[in-house]
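In: Would you be able to build a 3D model of this:
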Amino acid sequence: MDLIIKPKLLSGCIDAPPSKSAAHRAIICAALAQGKSTVLPLAMSEDALATIDVAKALGAVIKINGNTAEIWGICKPAQAALLDCRESGSTLRFFLPVASALGVNATFTGKGKLPQRTVAPLAEQMQRHGAAFTCIDSLPLSISGRLSSGRYELAGNISSQYISGLLFALPMLEGDSEIALTTKLESAGYVKMTMQALQGFGVKIEEMPAGYFIKGNQKYIANTAKVEGDYSNAAFWLSAAALGSDISCTGLDENSLQGDKAVLDILKAFGASIASTENGIAAKAQKLTATDIDASQIPDLVPVLAVVGAFAQGTTTIYNAARLKLKESDRLASVSNALKSLGADITKYDDKLVIAGKPSLKGGVIDSCNDHRIAMSMAIAATRCDGNVTILGAECVNKSYPDFFEKYKSLGGIYQCHHV
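Out: You can find the predicted model right below:
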């Protein structure tokens, strides 16, 4: 599906969608708990559905009623299972250690770019602790054997999802374990979210100066988990507001551990005003000026922040961004190419983007590269372009925010669909 978007500022109040990151974690904890848990509200994105389906394939019973999931934890794990992770890197990296800890002979599959997104650093550590892999650098891959406790060493600057996956699995093992980080942890907020979810289901993790200590023989305890609003996706609307739209977002916890809550401070650094009102959090356009952004802790925000930078006076540099090449697309290239297509002055380097802001962009045709965050970011850019913006492959938003364009329209956005 291609969309042709007309330039128009947006206006209105919108509920932040439920956090996809929090939903993944709550569903997994509930699946590992004995008895019935409830997780709500859920946004039925492709990624969330992938985690639900994998949990069911491992032996959990899950019933969906509207935006609520009732989950009966795994009593007897499947002996063997085919686990389709669709395009969800979180689903794959979280469940690899979990399936091995449960002793399931599992084959993991996926589609899109996921089969090429490496899990080798995690798999190599698992191999040293009882797991056997048919391959470790692409999908499909099969695992057998049972994970054992011990010392796991991982770099902190590759993927925080490796750390989270082990934090789900290691408490279930008989012995105590340690995760030792060999480099500084990036995307640390996501690991904090994992620890928060585990605590809600009765599992305790001890954070150490350079890693984590995990007591063995712990039991997950059934719970009702309420999924908070998602700063990652609210960032699109808040950025649109900083660019001149009149939007406020409800349902965001200002005390959230989400790393992407940093969008508030970054928009302030650009010069936008951020205020909490009875209608939620609102950003107001001021004179935007360039700023430097460290992407190491907030990689998912880079596409939309690059859009803001394209309209800010001066030169914005987004650095420590090499990991973006390993996302749903090579996001450094995708963001650069998309904004160039709209007329932006942007230069891509190996680990950074340098953007010279302009008062407006001309519009044009952009390829989403089947990357949900590219499609949504360019829709926000369209609000400030002089001409139409055509987004090729706009249906990719189903991965994380299926009703994004419905919400866009509800705020006054105008577009035409062209089904191909």
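In: Which element is encountered next along the chain beyond the one helix or strand Val302 maps to?
Out: Here Val302, judged by DSSP states H and E, is contained in helix 302-311. Downstream of helix 302-311, the first helix or strand assigned by DSSP H and E is strand 315-319.
In: to the chain's geometric centre, what's the distance from that next one?
Out: Strand 315-319 sits 22 Å away from the centroid of its parent chain (Cα atoms, centre = their mean, to the nearest Å).
In: That one - what's its average pLDDT?
Out: In this model, strand 315-319 has a mean pLDDT of 97.
In: And for stretch 94-108?
Out: Stretch 94-108 shows an average pLDDT of 98 in the prediction.
In: Could I get the contacting residues of the closest residue to Ala262 other than its chain neighbours?
Out: What sits nearest to Ala262 in space, not counting adjacent residues and going by Cβ to Cβ, 6 or more residues apart in numbering, is Ile298, at 5.1 Å. From N, CA and C alone the C-beta is placed, and that goes for glycine too. Each residue near Ile298 by Cβ atoms under 8 Å, 6 or more residues apart in numbering is listed here: 187, 259-260, 262-263, 266.
In: export the residues you listed to CSV and tack on distance to Leu154?
Out: Output for these, formatted as CSV (distance: Cβ to Cβ, whole Å):
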residue, distance to Leu154
Ser187, 13
Gly259, 18
Asp260, 22
Ala262, 23
Val263, 27
Ile266, 28
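In: So what sits opposite Lys36 in the bridge?
Out: Trp72 (DSSP bridges).
In: now the helices for the protein?
Out: 20-32, 46-58, 89-101, 120-127, 160-169, 188-200, 231-242, 263-270, 302-311, 331-341, 372-382, 404-410 (DSSP state H).
In: Can you tell me which helices and strands the second one packs against?
Out: Think helix 46-58. Under the contact definition 3 or more Cβ pairs under 8 Å, 6 or more residues apart in numbering; DSSP states H and E, helix 46-58 sits against helix 20-32, strand 61-65, strand 80-84, helix 89-101.
In: hmm, back to that, closest to Ile136 out of the helices of the chain?
Out: Closest approach to Ile136 among the helices of the chain is made by helix 120-127 (3.8 Å; Cβ to Cβ).
In: what sits against the closest residue to Gly314 other than its chain neighbours?
Out: Spatially, and ignoring its direct neighbours in sequence, Gly314 is nearest to Ala290 (3.2 Å; Cβ to Cβ, 6+ apart). Taking Cβ under 8 Å, 6+ apart, we find Ala290 in contact with 270, 309, 312-316, 355, 357.
In: export the helices and strands packed on helix 46-58 to TSV and tack on distance to Ala235?
Out: Formatted as TSV, the helices and strands packed on helix 46-58 follow (distance: least, Cβ to Cβ, whole Å):
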stretch	distance to Ala235
helix 20-32	13
strand 61-65	27
strand 80-84	29
helix 89-101	18
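In: Could you say which one of those comes nearest to Ile247?
Out: Of all those, helix 20-32 sits nearest to Ile247, with 20.4 Å by Cβ to Cβ.
In: wait, isn't Ile205 in contact with Ala197?
Out: No - under the criterion of Cβ atoms under 8 Å, Ile205 makes no contact with Ala197, lying 10.5 Å away.
In: Between those two, which is the more surrounded one?
Out: Set Ile205 next to Ala197 and count neighbours by other Cβ atoms under 10 Å: Ala197 wins out with 26 against 20.
In: Just the strands from the stretch 101-250 of the chain, written as ranges.
Out: Using DSSP state E, counting those that start in this stretch, the strands of the stretch 101-250 of the chain run over 105-109, 132-133, 141-144, 151-154, 177-181, 205-208, 211-214, 220-221, 224-226, 246-250.
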